[in-house]
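Peer 1: here is a sequence with its predicted model. Questions after.
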Amino acid sequence: MEQSLAGQTVSVDDGGYMTDSNQWNGEIAKDIAQQLGIELSEQHWAVINWLREQHAQGVEANIRKVGNSGIVNIKEFYLLFPNGPLKNASKIAGLPKPTSCL
């Protein structure tokens, strides 16, 4: 399925997660974040970039790994990305829905 994000057509699944992370860019991230009611700060970007690096290395992130990343603790992660921090952070980062999320 295709969706228009930041004026670009990208491939997404039924949940709105990008299926080709190579189509992702910062403008798309800002558009997704805005749809989720999140205004991206430097700390948001640090988490997003960390998630993308982990994904590129074939490592699937989970909340505990994010909390141990040295970027944010788990409480901060929940504050940055309310209502499903790993789901929302992954969506903004242009990554597939984490298998650890229902």
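Peer 2: Alright, I've got the coordinates.

Peer 1: what's the distance between G26 and L5?
Peer 2: 12 Å (Cβ to Cβ, to the nearest Å). C-beta coordinates here come from the backbone N, C-alpha and C atoms, glycine included.

Peer 1: between these two, which is the more surrounded one?
Peer 2: Between G26 and L5, counted using other Cβ atoms under 10 Å, the more crowded position is L5 (22 against 11).

Peer 1: so what does that one look like in phi/psi?
Peer 2: The phi/psi pair for L5 (degrees, to the nearest 10) reads phi -130, psi 130.

Peer 1: so which elements touch the lengthiest helix in the chain?
Peer 2: If you go by DSSP state H, the chain has its longest helix at helix 42-56. Packing partners of helix 42-56 (3 or more Cβ pairs under 8 Å, 6 or more residues apart in numbering; DSSP states H and E): helix 63-67, helix 74-80, helix 85-92.

Peer 1: recalculate using a threshold of 7 Å.
Peer 2: In this structure, helix 42-56 makes packing contacts with helix 74-80, helix 85-92, judged by 3 or more Cβ pairs under 7 Å, 6 or more residues apart in numbering; DSSP states H and E.
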